[in-house]
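Asks: Show me how the following folds:
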Amino acid sequence: MLRLLVFVIGAFSSMPAFSQQPPASEPPPPAVEPSPPPAAPAPSTESAAPASNNGEQQRFEQFRRDLVSLLALRAEPDLLVAAAELAYPDADDKNRAAQLKSPALMRRAQKFGPDDALVAWIATFIGCGADASTCRNDAAARLQKIAPDNVAVWLPSLHAAQDPGQARALLASMAQAQRFDDYWAASVLAVFDALQTLPVPAEVLSHGLNQVAARINLATSVGGGFLPNYARLGEMCRGNGVADEALTVDCLAVAKLLESGGSFRSQAIGFGIEDSLLPPGTARAVLKARQRTSAWQKEQFLEVSSRFPRDESLAKSYIDLLREQGNELATVTALLRRLHLPTEPESGWQPESVTPVPSGDPRALPPAGH
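Replies: Just a heads-up that it's a prediction; the model follows:
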């Protein structure tokens, strides 16, 4: 995922990292669990505000908990999912009521949204009961029934498949899908909408953010972390010199879908697989051109998003377009066009570097490049 703002509220950096290992009070991780969301990113060294003092952090924690308490009473599945995401840091807090913790909130979300794709997606990350593994397995199976045309819904099962034949069959099914959606936009919007339940604390706004920009920042830090694990896909689709035409065809079909939908992170995975498998020639040259365009758009968007804190109308335009477009890639392109900024790189422009996946991302195994 491309981080939207150069500033991340200091209080949220205290959130524990989402781990593939559940808290000690929960059973071992299930067979079909995708990769865990990361902790909120650290503030930029260039323009971050001073570190939050204890009073500010306590005020923000109170805001977060008050928000979860209010959301727990709602019946909208997306708001309950957002509450479960926001409540995750309280997993080991014995003073926090069980009904205000993530498992109970996910059970409530499933009650009101049994066929909601976002609910099922987040349930594959956050267990919804004492038997978390059963919950996550059931959620993965339900997700595949809700959206079988979406490549992403098969990734949890692919990542967990122990049998090579089973993994290969899953990959073949994925290659027949028509689209890719990693639910990044849906999750971000759910948290953004949930954050409108209460005013943003004054301590947060004192760092120079407006209400909309602050909510975008928090929503992308919290809701934007639930991304799938691509490691098994990378292993299977690595260019290893073994001639398997059918596997190559399936991997390229999946990669193309990852490249054209979802988030910048999924696009980078798709680019990496294609870079690994395409032979030298026209196809690889066209791929490099698409990578160059993507890098250009990311660079342009980073500049635009840095204006969100001081331009509330611009921040609101971004959120409106995210609702309209439904994924990060299309939203960025639409926003640049709305601002009359070029979506194609200038003549002679080259990115500093092009990498298949974000540097240091332990959840994505980059395919071997040429």
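
Asks: Helices along the stretch 1-150 of the chain, start to end?
Replies: 54-71, 77-87, 102-112, 117-123, 132-146 (DSSP state H, counting those that start in this stretch).

Asks: Which one, of those, ends up nearest to residue 319?
Replies: helix 77-87 (14.4 Å; C-beta to C-beta). Glycine gets a C-beta too; all of them are placed from N, C-alpha and C.

Asks: now for the closest one, which elements pack on it?
Replies: Contacts defined by 3 or more C-beta pairs under 8 Å, 6 or more residues apart in numbering; DSSP states H and E place helix 77-87 against helix 54-71, helix 102-112, helix 117-123, helix 184-195.

Asks: would a markdown table of those helices with mean neighbour count, distance to residue 84 and mean pLDDT be doable?
Replies: Shown next, in a markdown table, are the helices and strands packed on helix 77-87 (neighbours: other C-beta atoms under 10 Å; distance: least, C-beta to C-beta, whole Å; pLDDT from 0 to 100):
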| stretch | mean neighbour count | distance to residue 84 | mean pLDDT |
| --- | --- | --- | --- |
| helix 54-71 | 17 | 9 | 89 |
| helix 102-112 | 22 | 4 | 94 |
| helix 117-123 | 26 | 7 | 94 |
| helix 184-195 | 24 | 10 | 97 |
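
Asks: could the ones you listed go into JSON lines alongside distance to residue 326?
Replies: As requested, the helices and strands packed on helix 77-87 are exported to JSON lines (distance: least, C-beta to C-beta, whole Å):
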{"stretch": "helix 54-71", "distance to residue 326": "23"}
{"stretch": "helix 102-112", "distance to residue 326": "20"}
{"stretch": "helix 117-123", "distance to residue 326": "12"}
{"stretch": "helix 184-195", "distance to residue 326": "6"}
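
Asks: Tell me what angle the host helix or strand of residue 174 forms with helix 132-146.
Replies: Assigned by DSSP states H and E, residue 174 belongs to helix 164-175. For helix 164-175 against helix 132-146, the angle by axes from the mean of the first three to the mean of the last three C-alpha atoms, to 10 degrees is 40 degrees.

Asks: Minimum distance to residue 288: which of the helices of the stretch 1-150 of the chain has it?
Replies: Comparing these by C-beta to C-beta, helix 117-123 comes nearest, at 32.4 Å.

Asks: Which residues does stretch 311-319 contact?
Replies: Residues from elsewhere that reach stretch 311-319 (C-beta atoms under 8 Å, 6 or more residues apart in numbering): 4, 189, 192, 210-213, 216, 304-305, 307-309, 331, 335, 338.

Asks: picking that back up, closest one to residue 178 among the helices and strands packed on helix 77-87?
Replies: Closest among these, using C-beta to C-beta: helix 117-123, at 14.8 Å.

Asks: Look at the nearest residue to residue 107 once chain neighbours are set aside and say how many residues are nearby.
Replies: In space, residue 107 comes closest to residue 128 once its chain neighbours are excluded; the distance is 4.7 Å by C-beta to C-beta, 6 or more residues apart in numbering. Residue 128 has 24 neighbours, counted by other C-beta atoms under 10 Å.

Asks: which one of the helices and strands packed on helix 77-87 lies closest to residue 165?
Replies: Nearest of these to residue 165, taken as C-beta to C-beta: helix 117-123 at 25.9 Å.

Asks: by contact count, what packs against the closest one?
Replies: Secondary elements touching helix 117-123 (3+ C-beta pairs under 8 Å, 6+ apart): helix 77-87, helix 102-112, helix 132-146, helix 184-195.

Asks: By residue count, which helix of this protein is the longest?
Replies: helix 282-305 (DSSP state H).

Asks: ok, and for the next helix or strand after that one, which residues are buried?
Replies: Using DSSP H and E, the helix or strand that directly follows helix 282-305 along the chain is helix 312-325. Residues 314-319, 321-322, 325 are the ones in helix 312-325 that count as buried (16 or more other C-beta atoms under 10 Å).

Asks: Could you point out which residue ranges in this structure have low pLDDT?
Replies: 1-53, 130, 132, 239-243, 353-370 (pLDDT under 70).

Asks: Recalculate using a threshold of 80.
Replies: The chain contains residues with pLDDT under 80 at 1-56, 127-137, 239-243, 352-370.

Asks: which residues sit in contact with residue 202?
Replies: Contacts of residue 202 (C-beta under 8 Å, 6+ apart): none.

Asks: can you tell me how far it sits from residue 261?
Replies: Distance, residue 202 to residue 261, by C-beta to C-beta, to the nearest Å: 39 Å.

Asks: what do you get for residue 333?
Replies: Taking C-beta to C-beta, one finds residue 333 at 12 Å from residue 261.

Asks: do residue 179 as well
Replies: In terms of C-beta to C-beta, residue 179 sits 6 Å off from residue 261.

Asks: now residue 322
Replies: 14 Å.

Asks: Kindly report the same for residue 201.
Replies: 35 Å.

Asks: neighbour-wise, which of those two wins?
Replies: residue 261 (23 against 17).

Asks: isn't that one right next to residue 184, touching?
Replies: No - the pair residue 261 and residue 184 fails to qualify as a contact (C-beta atoms under 8 Å) at a distance of 10.3 Å.

Asks: shared neighbours, those two?
Replies: With C-beta under 8 Å, 6+ apart, residue 261 and residue 184 have common neighbours residue 327.

Asks: follow-up on the earlier one: tell me the buried residues within the contacts of stretch 311-319.
Replies: Buried among the contacts of stretch 311-319 by 16+ other C-beta under 10 Å: 4, 189, 192, 210-213, 216, 304-305, 308-309, 331, 335.

Asks: which of those residues lies closest to residue 121?
Replies: Using C-beta to C-beta, those come closest to residue 121 at residue 189, 13.2 Å.

Asks: Correct me if wrong: that closest one contacts residue 216.
Replies: No - between residue 189 and residue 216 there is no contact under C-beta under 8 Å: 10.2 Å.
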